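S.K.: sequence and computational prediction follow.
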Amino acid sequence: MVTTKHKDVTERLLQINPSLAHEARKILDVNKQERHIRGGLATREKYLHMGQQGM
């Protein structure tokens, strides 16, 4: 699924400002590489918190 924001940053910005599009692409790529780690940490925190409440 590609959002309009993602399309703007990846495709349309390339036509408007290629150097800025390159920098934005690097940031998006790092985010994509790290998102599974953040999701796992959030899940861990959720269950740790639930355990402290006695659930």
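M.R.: Great, that's in hand. Source: prediction; values computed, not measured. Residues are numbered from 1 along each chain as shown.
S.K.: ok, Leu14 - contacts?
M.R.: Leu14 makes contact with Ala21 under the criterion CB atoms under 8 Å, 6 or more residues apart in numbering. Every C-beta, even on glycine, is put in place using the N, C-alpha and C of the backbone.
S.K.: Val30 versus that one, what's the distance?
M.R.: 18 Å (CB to CB, to the nearest Å).
S.K.: try Arg12
M.R.: For Arg12, the distance to Val30 - CB to CB - is 21 Å.
S.K.: kindly report the same for Glu11.
M.R.: Relative to Val30, and taking CB to CB, Glu11 is found at 19 Å.
S.K.: likewise for Pro18?
M.R.: Where Val30 is concerned, Pro18 sits at a distance of 19 Å (CB to CB).
S.K.: the helix or strand harbouring Arg25 packs against which elements?
M.R.: According to DSSP states H and E, Arg25 maps onto helix 18-52. Counting contacts by 3 or more CB pairs under 8 Å, 6 or more residues apart in numbering; DSSP states H and E, helix 18-52 packs against helix 13-16.
S.K.: list the buried residues for the helix it packs on?
M.R.: By neighbour count on 16 or more other CB atoms under 10 Å, the buried set for helix 13-16 is Leu13.
S.K.: number of residues surrounding Lys32?
M.R.: For Lys32, the neighbour count with other CB atoms under 10 Å is 9.
S.K.: residues touching it, list them.
M.R.: With CB under 8 Å, 6+ apart, Lys32 has no contacts at all.
S.K.: ok, it to His49 distance?
M.R.: Counting by CB to CB, the gap from Lys32 to His49 is 27 Å.
S.K.: for Asp8, same thing?
M.R.: Counting by CB to CB - Asp8 and His49 are separated by 36 Å.
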